[in-house]
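Enquirer: sharing a sequence plus its predicted fold:
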Amino acid sequence: MLITPNRRDILRLAAMAPAFALPAFVMPALARADLGAPTVANPAHFHFSLGAARLTVLSDGFFTLPTSGLGVNAAPADVQALLAAHYLPTDLGYSHTNHLLVDLGAARVLVDVGSGTRWLGTAGRLMANMEAAGIAPDSITHVVITHAHPDHIWGIRDEFDEAIFPQAEYIIGATERAHWTQDGLVDRVAPEAQQFVLGAVNSIAAREDWTLAEDGHEIAPGIRLIATPGHTPGHMSLVVEDGGKQLIALGDSMSHAVLNFARPDWFNGFDTDGAQTVATRARLLDMAAADGMAVLGYHFPFPGVGHVLKSAEAYEFLPALWKFSE
């Protein structure tokens, strides 16, 4: 039987969100060229193309979490040193939330729905940023959920508990749905993780007509899903291919544009299966580097698109060279 808490329950539990992270290990402060917040809003959408596909990155906002949740299978001092060497904060990580919208043929596919009003106040901006980009909600033909964590699926209803994109086909991995909706899961996880189970179940229950996808599921010509488990048991990523060019929307199979490349053997405290996460990441990195595929990281610095460069011992994320309209 599905557990379907009401909105008040979800909001109460969501207030506990930062609690799942361990206390931060703080390195001595280092001088660095840290960019401050703007005094006026920056654009929160970005358009580009891949073959005939028209792609848009839409932000749902940002959030911060303690860096103690990063590289939990490594020495904390090593993680902190690598962050500091790349001019990144060593106490609180700053994560962007980059949603991909794909226009190819008759399909208009949105990857994930963000957190809506049910998680952290700095996120939940997807719908407003879609409006700013001139994208009508009723134009979305397909919605793909990479996995059922708060910042990817809790926005499936608006603040009035009405469904967003009601005319779209909603797609989630069969394994992902089965994991979150299994009987008694909420009683088998740690108390601080119960919020994620309840929120996932409530969000999945928002629709009865899910399309359940397996590895290789074709959404439309040139758009398919691949299984990328580890971060969650049924995590899936989206591949766009046209004109001999390919891009992978990674979801959270890779979540850090420095650590996941420089130390692909490290995993995070919020990865369900650390060993599987590392194995999936190795496969994705090798595939992207060997085939020259572009990648889009949901939590990479906006707009999160670039390429994978393989070195002798590790990898590097190279932000894409953007072009203006001709």
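Expert: Nice, thanks for sending it over.
Enquirer: helices along the stretch 101-250 of the chain, start to end?
Expert: Using DSSP state H, counting those that start in this stretch, the helices found in the stretch 101-250 of the chain span residues 126-132, 150-153, 174-180, 185-188, 194-204.
Enquirer: count the residues that sit near the residue nearest to Ile226 when sequence neighbours are not counted.
Expert: Spatially, and ignoring its direct neighbours in sequence, Ile226 is nearest to Ser237 (5.5 Å; CB to CB, 6 or more residues apart in numbering). All C-beta spots, glycine's among them, are computed from the backbone N, C-alpha and C. Using other CB atoms under 10 Å, Ser237 is surrounded by 25 other residues.
Enquirer: any idea whether Asp60 is helix, strand or coil?
Expert: Secondary structure for Asp60, judged by DSSP: H, G, I helix; E, B strand; the rest coil, is strand.
Enquirer: sorry, slip of the keys, the one I care about is Gly93.
Expert: With three-state DSSP as the criterion, Gly93 reads strand.
Enquirer: what about it, distance to Gly155?
Expert: 21 Å (CB to CB, to the nearest Å).
Enquirer: more crowded one of these two?
Expert: Neighbour comparison, Gly93 and Gly155: the larger count goes to Gly155, with 26 against 23 (by other CB under 10 Å).
Enquirer: surely that one meets Gly114?
Expert: Yes. Between Gly155 and Gly114 a contact is recorded at 4.0 Å, counting by CB atoms under 8 Å.
Enquirer: what's near enough to touch the residue lying closest to Thr211 once chain neighbours are set aside?
Expert: Distances taken as CB to CB, 6+ apart place Ile171 nearest to Thr211, at 4.5 Å, with adjacent residues excluded. Neighbour list for Ile171: His142, Val143, Val144, Ile145, Trp210, Thr211, Leu212, Ala213, His217, Ile219, Leu225 [criterion: CB atoms under 8 Å, 6 or more residues apart in numbering].
Enquirer: nearest residue to Ser253 in space, please, no chain neighbours.
Expert: Ser253 sits nearest to Thr228 (CB to CB, 6+ apart), 4.0 Å away.
Enquirer: single out the most deeply packed of the helices of the stretch 101-250 of the chain.
Expert: helix 150-153 (a mean of 26; mean count of other CB atoms under 10 Å).
Enquirer: other SSEs contacting it?
Expert: Judged by 3 or more CB pairs under 8 Å, 6 or more residues apart in numbering; DSSP states H and E, helix 150-153 is in contact with helix 194-204.
Enquirer: thinking again about what came up before, in a markdown table: the helices of the stretch 101-250 of the chain, plus distance to Pro43.
Expert: Below are the helices of the stretch 101-250 of the chain laid out as a markdown table (distance: least, CB to CB, whole Å):
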| stretch | distance to Pro43 |
| --- | --- |
| helix 126-132 | 8 |
| helix 150-153 | 21 |
| helix 174-180 | 32 |
| helix 185-188 | 40 |
| helix 194-204 | 28 |
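Enquirer: quick one: closest of those to Arg283.
Expert: Comparison of these against Arg283 by CB to CB identifies helix 174-180 as nearest, at 16.8 Å.
Enquirer: so which elements touch that closest one?
Expert: Counting by 3+ CB pairs under 8 Å, 6+ apart, helix 174-180 packs on helix 194-204, strand 211-213.
Enquirer: model confidence for His47, exactly?
Expert: Confidence at His47, expressed as pLDDT, is 96.
Enquirer: give me the number of residues near it?
Expert: Neighbours around His47, by other CB under 10 Å: 14.
Enquirer: so His179 versus Leu250, what's the distance?
Expert: Distance of His179 to Leu250, given as CB to CB: 19 Å.
Enquirer: hang on, I meant Val240
Expert: Val240 is 12 Å from Leu250, by CB to CB.
Enquirer: which one's more surrounded, those two?
Expert: Leu250 (29 against 25).
Enquirer: quick one, phi psi at that one?
Expert: Note on Leu250: backbone dihedrals following degrees, to the nearest 10 are phi -80, psi -20.
Enquirer: okay, the closest residue to Arg125 other than its chain neighbours: pLDDT?
Expert: Spatially, and ignoring its direct neighbours in sequence, Arg125 is nearest to Gly61 (4.3 Å; CB to CB, 6+ apart). Confidence at Gly61, expressed as pLDDT, is 96.
Enquirer: now do the contacts for Gly61.
Expert: Thr97, Gly114, Thr122, Ala123, Gly124, Arg125.
Enquirer: let me see the contact set for the nearest residue to the first one once chain neighbours are set aside.
Expert: Just to be clear, that refers to Thr97. Nearest non-adjacent residue to Thr97, counting by CB to CB, 6+ apart: Asp60, 4.0 Å away. Asp60 is in contact with Thr97, His99, Gly114, Ser115, Ala123, Gly124, Arg125, Leu126, Asn129, Asp151, Gly155, counting by CB under 8 Å, 6+ apart.
Enquirer: on that earlier part again, list residues touching both of Gly155 and Gly114?
Expert: Counting by CB under 8 Å, 6+ apart, the residues touching both Gly155 and Gly114 are Asp60, Gly124, Leu126.
Enquirer: make a markdown table out of those and add distance to Glu192.
Expert: Formatted as a markdown table, those follow (distance: CB to CB, whole Å):
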| residue | distance to Glu192 |
| --- | --- |
| Asp60 | 23 |
| Gly124 | 21 |
| Leu126 | 26 |
